[in-house]
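Trainee: need a 3D model of the following:
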Amino acid sequence: MQALLFLAIVLVVCVIGCAILYVQHRQPNTVESGMDAFQREMKALAPPPDDPAPKLRMAKRPTPRSQRPPSGRAR
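Mentor: Prediction:
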């Protein structure tokens with residue numbers, strides 16, 4: 001009988017511990033928490049304010065066919 005009492009006490013302690021962990025780590029579901037999460041993601045994706053603006057590179061123009069070296073393929 002004492003073994004069953006011991007197991008019951010351990011089970012109650014485990015259930016209480018799991019309930020506490022669940023309450024502490026659950027995701028908030030209010031509108032404000034959704035907006036806060038979106039704002040955090042936008043800040044994470046934004047470039048740092050001290051970074052210089054990215055420079056654009058110009059694309060190279062393709063070489064005309066008459067100036068290309070032979071490709072080695074027979075036509």
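Trainee: element containing Arg40?
Mentor: Arg40 is part of helix 31-45 when elements are defined by DSSP states H and E.
Trainee: for that helix, packing partners?
Mentor: With contacts defined as 3 or more CB pairs under 8 Å, 6 or more residues apart in numbering; DSSP states H and E, helix 31-45 has no helix or strand neighbours. C-beta here means a position set from N, CA and C on the backbone, and glycine is covered the same way.
Trainee: what's next to it, contact-wise?
Mentor: Gln27 (CB atoms under 8 Å, 6 or more residues apart in numbering).
Trainee: so where's the protein uncertain?
Mentor: Low-confidence segments of the chain, defined by pLDDT under 70: 72-75.
Trainee: quick one, helices of it?
Mentor: For the chain, the helices defined by DSSP state H occupy 2-25, 31-45.
Trainee: could the ones you listed go into JSON lines alongside distance to Pro52 and mean neighbour count?
Mentor: JSON lines is the format used below for the helices of the chain (distance: least, CB to CB, whole Å; neighbours: other CB atoms under 10 Å):
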{"stretch": "helix 2-25", "distance to Pro52": "41", "mean neighbour count": "9"}
{"stretch": "helix 31-45", "distance to Pro52": "18", "mean neighbour count": "9"}
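Trainee: out of those helices, which comes closest to Pro62?
Mentor: helix 31-45 (35.0 Å; CB to CB).
Trainee: just the CA trace of that closest one, in CSV.
Mentor: Extracted in CSV, the C-alpha atoms of helix 31-45 (Å, rounded to 0.1, in the frame of the first residue of the first chain):
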residue,chain,number,x,y,z
VAL,A,31,-3.6,40.9,-30.7
GLU,A,32,-0.8,42.9,-29.1
SER,A,33,1.5,39.9,-28.8
GLY,A,34,1.0,39.2,-32.5
MET,A,35,1.9,42.7,-33.4
ASP,A,36,5.0,42.6,-31.0
ALA,A,37,6.1,39.3,-32.6
PHE,A,38,5.8,40.9,-36.1
GLN,A,39,7.7,44.0,-35.0
ARG,A,40,10.5,41.8,-33.6
GLU,A,41,10.8,39.9,-36.9
MET,A,42,10.9,43.2,-38.9
LYS,A,43,13.7,44.5,-36.7
ALA,A,44,15.6,41.2,-37.1
LEU,A,45,15.3,41.4,-40.9
